[in-house]
Structures are given as C-alpha cells and as structure tokens.
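Asker: Quick one, structure for this:
(one chain, ligands or ions: 1)
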Amino acid sequence: MDASLTLTLTFVLALLANVALKFWLNARQVRHVAQHRHAVPLDYVNAVPLSDHQKAADYTLAKIRLSQWDIALDAALLLGWTLLGGLHALNQVLLDLMGPGMPQQVALVLSFVAVGGLLGLPLSLMQTFGVEQRFGFNKITPKLWLADMGKGLVLGLLVGTPLLWVVLWLMQAGGTLWWLWAWGVMVLWQLFLMAIAPNVIMPLFNKFTPLEDESLKTRVQALMQRAGFTAKGFFVMDGSRRSAHSNAFFTGFGASKRVVFFDTLLQQLSPAEMEAVLAHELGHFKYRHIVKMMVTQFAMTLAGLALLGWLAQQVWFYVGLGVMPNLTGSNNALALVLFMLVVPVFSFFLAPLASWRSRQQEFEADAYAVSQTPGQDLASALLKLYQDNASTLTPDPWYVKFYYSHPPASARLSRMRAA
Ligand SMILES: [Zn+2]
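Answerer: A predicted model of the protein is given here:
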C-alpha cells in the first residue's frame, strides 16, 4: 500500500477514534452529573445548598450539550479542509489571485485562520450570550464583545504576521536545519510577548488599579515577605466587566512581577481567604511550575517543528491529506496548515498526561498554601470559588482524567484534610 493511502487511512481512523472518545467522555460526564443531581454529596451537606448544587449540575450539562456541537463541527471542518479539498481549493484561489511567492504563502495561512475563526463564531456566541448568560455569568455587552474582537484581531495580526513571515522565510531559505532556527525565533518571540504582556497587552483589554484595601495589602505583603517573594505591585482587574467568574494570578518577570486580583474575587472572599488563595499562587512560583511548563512547551514545539521539517519534504504527507503539492513553487504554508490541522487529532490521546501533571501541581500549590496560611481559610475559599463558578462537585472520574487541569473540589479538600 502506498504511503499516502496509509496516511489517509490512519488519519480517518484516528479522527473516528478521537470523536468517539470525546462523545464517550461527554456521555459519561452527563450520566454521572445527572445521577448525583438530586442530592448534595454527604461531605458538603452543611456547606453547599441544594439549589447551588443543582445549578452547578445544570451548568455543567448545558456546557456539555454545546460541546457536542463543537466536536461535530470540528471534525466536519477538519474533513472539509483536508480530504474534501478545502485547503487545496483555497490554495488554488490564492495562487490564481496572487501568483506564487511569500505574500501568497502568508495569505494562505491567514485566510485559513480567518475562515476557521468565522465558522467557529456562532458557537462562541452561543457560549457567551447563551450558556454563560443563562447562568448569570456573562457580563459582557455586545458592544464590548465587538471591541474585544476588533482589538484581538488587530493584535493577532500585529503579533502573528511577522512571526509567520519569518518562519515561512526560514522554511524556504534556512536549509535542512530551518526548524531549529524557527524554534529559536519562536522561543524568543514568546519570551518577548510575556515580558510586554503586563504593561502593553493586558491594559488594552482591562483596567488595572492599585489595590486600595490597606488591611488586605498589609496582610498580603506580610505573607510575601514570610515566603520570600517580591512583587512590584498589587492590582485589581475589572474582570466583572466581562464575567462573574473569578480568579487571581501573577504576571511579569523579575522586578516587574505583580499580583493581580479579579474584582469579583474581592467581592466573594474574606481577607483571610484572599491570603490563602494568594499563598496557593505563591506555591506555583515556589515550585517553579511556570518555568517547568514553559520548558515542556518549548521542548514539544521543538519536537513538533523537527517532525514538520521531515513531513514537509514528503509528497505523501500532502496527497494523503487531500492536497496536491505544487511541483514548482513552495509548499511550506500548505505543510504548516496541514500540520496544525492534523496534530491535535493525535495529540488528544495524550491529554490525560498533561492534565495529570497539571493537577499534581495544583496539589503541590495547595500543600504550600496550607504550610503558609491556616488550612481552614484555603478550604473555605476553594469551596466558595467552586460554588461561585458553578463547578460540579460530582464530575465523572474519566472526564476528569482527560479534561481537568484542576482537581475537583472534593479531591483537593480531602487531600488537605488528610495532610
Ligand atoms: Zn493553582
């Protein structure tokens, strides 16, 4: 059997397995949550009212219903782009319009991203103005939504186009080790974006005001000193303009490190609970989770680019996925798009690994928080957060293995009680 046919068959089988697995996980989650909807789990009878428990169940089920459509649409789009000839047609149209060359290559990738974004728009709108709205989480107005979208688009073009241009140019002119140079450029670009994010990018979307609550500030400063951390400032972000969901996070590098609280968090938690949440975030720093995550991500990018470097040279890689490669001009943009389309089909089977690692890190951060602040504060803060975000207390264990980057509340609380 020739290589392109082998690839076609492997791809179709992997896609079927991928879709079947996702539907199976969804079905499990629906069954599990629905089965436990009638009563609050015994451990939480005193802490969580039945109405909250049922709201969390209904919210979880509503999100799953939407994700059913998402899975189906994704699979249909993927087939449309590849075996049904969508990408090939787009490439031909752009070749007719622009002729071969770098502008056509860049235009191919950009128009592929644009078409995907447009087709995904209805579901994203249903998510924000349908599900989130119905459960009282959405706070964004259509006007702000449009403004966000416009800014995101301009920013994406400004940040993405130069990088894309350089990568395509390296593929063309960088020799057999182009993927190594491209990797270096991508790593530097990402570090640069992370460095400018707190001061340049994030203020485009949100207002950051210095934390004014003096007693909380003193508390938080004392905690940081105890734990041996420095931060340049404490800020409150107007997250409530968009959503009632809440969070706290660290951003910035070295001396520009800052702590950001969502205004929604300040409304929901007591100062002692805020301190516990912050101690959890400090735990992530203490154990260098962010650095470890970045190293892993960079290593995966390198492996991916090396693989792409090899695949881009194989005729069967194009033909097997429904594209006729140009015999004269460059195929680099085609290879790049095909790679972005196909890799997630296979990498989804590794999702439990990444999710497991992330959940372990959450446990580590919890343990650190408990070593710095009273465990009771973190426990009540977590319960409030899970409750206010309508996270179900009774997720399906297999669904958790695949999708949960944070352990379910019950797992975190029982682990803390055991310690
Ligand atoms: Zn965490």
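
Asker: mind checking the SS state of whichever residue of the stretch 51-200 of the chain sits closest to the ion?
Answerer: When C-beta to the ion is the measure, the stretch 51-200 of the chain has its nearest residue to the ion at Met194, with 18.3 Å between them. Yep, even glycine has a C-beta here, placed from its N, CA and C like the rest. When states are read from DSSP: H, G, I helix; E, B strand; the rest coil, the local structure at Met194 comes out as helix.

Asker: Show the pLDDT at it.
Answerer: According to the prediction, Met194 has pLDDT 86.

Asker: Give me the number of neighbouring residues for it.
Answerer: When neighbours are counted by other C-beta atoms under 10 Å, Met194 registers 15.

Asker: Same question for Val342.
Answerer: Close neighbours of Val342, defined as other C-beta under 10 Å, add up to 22.

Asker: all numbers from here: first residue = 642
Answerer: Happy to do that; since the first residue is 642 now, the last one works out to Val983.

Asker: and it, what element?
Answerer: Secondary structure here is read from DSSP states H and E; on that basis Val983 sits in helix 973-988.

Asker: tell me which residues in the helix or strand just after that helix are buried?
Answerer: In the C-terminal direction, the helix or strand that comes right after helix 973-988 (DSSP H and E) is helix 992-1013. The neighbour-count criterion (16 or more other C-beta atoms under 10 Å) identifies 996, 1000, 1002-1011, 1013 as the buried residues of helix 992-1013.

Asker: The helix or strand that comes right after helix 992-1013 - contacts with which helices or strands?
Answerer: Scanning the chain past helix 992-1013 towards its C-terminal end, the next helix or strand to appear is helix 1016-1029 (assignment: DSSP H and E). Taking 3 or more C-beta pairs under 8 Å, 6 or more residues apart in numbering; DSSP states H and E as the contact definition, the neighbouring helices and strands of helix 1016-1029 are helix 904-909, helix 912-927, helix 992-1013, helix 1050-1059.

Asker: what about the strands in this structure?
Answerer: Listed in chain order, the strands found in the chain under DSSP state E are 849-851, 874-878, 889-892, 899-903.

Asker: deepest of those strands, which one?
Answerer: Highest mean neighbour count of the strands of the chain: strand 899-903, a mean of 22 (counted as mean count of other C-beta atoms under 10 Å).

Asker: Can you list the strands that that strand pairs with?
Answerer: According to DSSP bridges, strand 899-903 has the following sheet partners: strand 874-878 (parallel), strand 889-892 (antiparallel).

Asker: Nearest to the ion, out of the ones you listed?
Answerer: In terms of C-beta to the ion, the element of the strands paired with strand 899-903 nearest to the ion is strand 889-892, at 9.2 Å.

Asker: ranking the strands of the chain by mean pLDDT, which is last?
Answerer: Of all the strands of the chain, the minimum mean pLDDT falls on strand 889-892 (a mean of 78).

Asker: just curious, which of the buried residues of helix 992-1013 is nearest to Pro1049?
Answerer: Arg1000 (9.3 Å; C-beta to C-beta).

Asker: List the contacts of that closest one.
Answerer: Shown here is Arg1000, whose contacts under the criterion C-beta atoms under 8 Å, 6 or more residues apart in numbering are Tyr1045, Ser1046, His1047, Pro1048, Ala1052.

Asker: Check those residues and tell me the two furthest apart.
Answerer: Comparing every pair within the contacts of Arg1000 by C-beta to C-beta identifies Ser1046 and Ala1052 as the most remote, at 12.9 Å.
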